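Enquirer: Okay, here's the prediction I keep looking at, along with the sequence it came from:
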Amino acid sequence: MSIVLHYAPQSRAAMTVWALEELGAPYEKVHYELMKGEHKTDAFKKLNPNCKVPTVVIDGTPMFESLAILLYLGERYGVEKKLYPGPTEPARMEALSWATWATVTFGGDIQRFIEASHERIPKERHNAAQAAAARTDIERDVGILEERMATRKFILGESFSLPDIAFGGALRYVSLLGALDLARYPNVSAYQARLSSRAAFAKSTAA
């Protein structure tokens, strides 16, 4: 098995780093400085036509999109390590649903908030009304998660699994952005604390 991760710090590549660390899979890292445009090369475009991180090359075959990578790693390596449900387990359907929700719905609302208000986005693109609408949607998302976590420690039950990684990244961004006071949501706050205490999480944020 050969895994090469093309990544940049403080990007969605952190999700892939976290997954690989949880799996204990050996991998190589290729670092890119996005602000310097190091990812905009013909060589990288051959691996990912979007020229974005994360991109992985597994046994010579490239793959991109953080959610797709997470799910593939779960299917290929996570089942044996009890970090992802097997293909015939009912929990596999929950894993797919919640990991996608965390990345597409919850993560999409966070991205809308960033695009409308973050300091790294040009001010001419800021929009107070759109930021407020995104914040409302984030509040709804966290409310859904608060209800889900009332009866469990992790998204699929009592044990950590790879879909939790999608939530760990999303909740970290909510906290960093100040988009919502997570202290208002005790179940989510406790969940976030459990995720952030994991050694693999620390490695992913330091990468």
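Expert: On my side now, so go ahead. Numbers count the residues shown, from 1 in each chain.

Enquirer: Residues contacting stretch 99-113, please?
Expert: With contact meaning Cβ atoms under 8 Å, 6 or more residues apart in numbering, stretch 99-113 is reached by 66-67, 70-71, 130-131, 133-135, 137-138, 141, 145, 155, 162-163, 166-167, 169-170, 173-174, 177, 179. From N, CA and C alone the C-beta is placed, and that goes for glycine too.

Enquirer: Quick one: buried ones out of those?
Expert: Buried subset of the contacts of stretch 99-113 (neighbour count, 16 or more other Cβ atoms under 10 Å): 66-67, 70-71, 131, 134-135, 137-138, 141, 145, 155, 162-163, 166-167, 169-170, 173-174, 179.

Enquirer: Quick one: list the elements packing against the particular helix or strand that has Lys203 in it.
Expert: Using DSSP states H and E, the element containing Lys203 is helix 199-206. Contact here means 3 or more Cβ pairs under 8 Å, 6 or more residues apart in numbering; DSSP states H and E; on that basis helix 199-206 packs against helix 13-23.

Enquirer: on that earlier part again, take the contacts of stretch 99-113 and keep only those in helices.
Expert: Secondary structure defined by DSSP state H assigns 66-67, 70-71, 130-131, 133-135, 137-138, 141, 145, 163, 166-167, 169-170, 173-174, 177 of the contacts of stretch 99-113 to helices.

Enquirer: what about Lys123, how many neighbours?
Expert: 7 (other Cβ atoms under 10 Å).

Enquirer: What's opposite Leu5 in the beta bridge?
Expert: Lys29, Val56 (DSSP bridges).

Enquirer: List the contacts of the spatially most central residue of the chain.
Expert: With distances taken as Cα atoms, centre = their mean, the residue of the chain nearest its centroid is Ala166 (3.8 Å). Applying Cβ under 8 Å, 6+ apart to Ala166 gives the contacts Met15, Leu67, Leu70, Trp98, Ala99, Ala102, Thr103, Gly107.

Enquirer: before we move on, the earlier item: the helix holding Lys203: how far from the chain's middle?
Expert: Centroid separation for helix 199-206 versus its chain: 13 Å, with Cα atoms, centre = their mean, to the nearest Å.

Enquirer: What are the buried residues along it?
Expert: Using 16+ other Cβ under 10 Å as the test for burial, helix 199-206 gives Ala200, Phe201, Ser204.

Enquirer: And stretch 111-129, by the same measure?
Expert: In stretch 111-129, counting by 16+ other Cβ under 10 Å, buried: Arg112, Phe113, Ile114, Ala116, Ser117.

Enquirer: Likewise for stretch 51-66?
Expert: Cys51, Lys52, Val53, Pro54, Thr55, Val56, Val57, Ile58, Met63, Phe64, Glu65, Ser66.

Enquirer: which two in these are spaced the farthest apart?
Expert: Cys51 and Ile58 (19.1 Å; Cβ to Cβ).
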